[in-house]
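Asker: Fold the stuff below for me.
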Amino acid sequence: IPNYNLVSNIGESGTHTVASTLCHLPCQRLPERILPPSDINMNSDADLYSFAKFYRGSWKDYVRYCFSYLFLKTGENEIFDGYIENNFGEQKQCPVKKAQFHYNYKKFFPDVQQNPKCLDIGIGRGEMLSCLLEWGMTDVHGVDISPSVIHFCRSLNLPCELVADTGKYLHDHKGEFDYVTLLDVLEHITPQETLNFLRLIQLALKPGGRIIIQVPNMQAVDSNVYYYGDFTHCAGFTEHSLIQIFTTLKFSKYNIYPYEVFCYGGYKEFIAKMLRPFFHSFTRFRRKCIGAHCPEILTPVFFAVVER
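Answerer: Reported below is the predicted structural model:
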């Protein structure tokens, strides 16, 4: 976890020295009279980590960092600041999603009587927070980087907090949570950041704590519909790529499950459930005929339950 030594030596020449052992970045000196962007907080682990990642010592790299920091941050803010409006459209929770969460996830929260501490990251319209409260949880917390999301969820009296940096929030809450839910979030994080982000979650868990990770399934047929359905998606996952991540981070136990979307009942869902196995069998047969990999889970979305 941001475990690096920082030396900020601001003298009359305006020279900064940033030393970082995180990611084994070398200690280098910034050119004189060239300072980090004004919104970089030299006392913030998250800002310094971001700065150290991009900066490699040459003035060209530093200019590249300044421009990428400015434009990426501006673009993300423009979308996430109004995420409820530009992604969901409606100012209300989705009853279908709540029914799906109840069907897929309630069984993984058996210890309600022990009042576990739960954190939902990237709360969206608050469906998971609402489910946790309905299941009897009382020590429930939600965080999001979108002001519109927080404004909407607070209007429903859901326990949530606006955070500028989720990584820093996790860093400040080590060993506090029994459960962390990460539903439709990891695909918004670049592959370069995924491992470090999950390490932060790992250390925010109590021993034996669980993470529930829900992501689009790139091994499903028509997975592009889900992946490209949100402009802010920047990563996709398969069973194998998730296992790569979990083994790299040395999680003690993990299981991957298909995400069931048909939870309401009715004749349409009954027909769809009856036809789906035949469709999946045909997909596997077609892939075998062309020598392609044939993974087990073919639902458009899948999830993993991971233990620290």
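Asker: Can you list the residue ranges for helices in the stretch 101-250 of the chain?
Answerer: Assigned by DSSP state H, counting those that start in this stretch, the helices in the stretch 101-250 of the chain fall at 127-134, 147-155, 166-171, 191-204, 223-227, 239-248.
Asker: Measure how far the fifth one is from the centre of its chain, please.
Answerer: When C-alpha coordinates are averaged (CA atoms, centre = their mean, to the nearest Å), helix 223-227 and its chain have centres 17 Å apart.
Asker: follow-up on the earlier one: looking at the helices of the stretch 101-250 of the chain, which is nearest to Asp111?
Answerer: helix 127-134 (12.6 Å; CB to CB). Just so you know, the C-beta spots here come from the backbone N, C-alpha and C atoms, and that holds for glycine as well.
Asker: Going by neighbour count, list what's buried in the closest one.
Answerer: 127-133 (16 or more other CB atoms under 10 Å).
Asker: Asp214 touches Leu183, doesn't it?
Answerer: Just so we're on the same page, residue 214 is Gln rather than Asp. Yes - in this structure, Gln214 is within contact of Leu183 by CB atoms under 8 Å, at 4.2 Å.
Asker: residues shared between the contacts of the two?
Answerer: Shared contacts of Gln214 and Leu183, defined by CB atoms under 8 Å, 6 or more residues apart in numbering, are found at Phe303.
Asker: What is the burial count for Ala204?
Answerer: 23 (other CB atoms under 10 Å).
Asker: list the contacts for the nearest residue to it once chain neighbours are set aside?
Answerer: Nearest non-adjacent residue to Ala204, counting by CB to CB, 6 or more residues apart in numbering: Leu170, 4.5 Å away. Leu170 sits next to 200-201, 203-204 when contact means CB under 8 Å, 6+ apart.
Asker: let's see 10 Å
Answerer: With CB atoms under 10 Å, 6 or more residues apart in numbering as the criterion, the residues that contact Leu170 are 1, 119, 121, 143, 163, 176-177, 180, 197-205.
Asker: Check Glu260 too.
Answerer: By CB under 10 Å, 6+ apart, the contact list for Glu260 reads 100, 103-104, 273, 299, 301.
Asker: By pLDDT, rank those residues and give me the bottom one.
Answerer: Lowest pLDDT of those: Lys273, 88.
Asker: mind listing the strands for the stretch 151-300 of the chain?
Answerer: Secondary structure of the stretch 151-300 of the chain (DSSP state E, counting those that start in this stretch): strands at 160-162, 177-183, 205-216, 253-258.
Asker: buried stuff in the shortest one?
Answerer: Neighbour-count burial for strand 160-162 flags Cys160 (criterion: 16+ other CB under 10 Å).
Asker: between the helices of the stretch 101-250 of the chain, which gets the lowest average pLDDT?
Answerer: With a mean of 83, helix 223-227 has the lowest mean pLDDT of the helices of the stretch 101-250 of the chain.
Asker: What count of nearby residues applies to Phe278?
Answerer: Neighbour tally, Phe278, other CB under 10 Å: 9.
Asker: For it, give its distance to Thr138.
Answerer: 45 Å (CB to CB, to the nearest Å).
Asker: Check Leu186 too.
Answerer: Leu186 is 27 Å from Thr138, by CB to CB.
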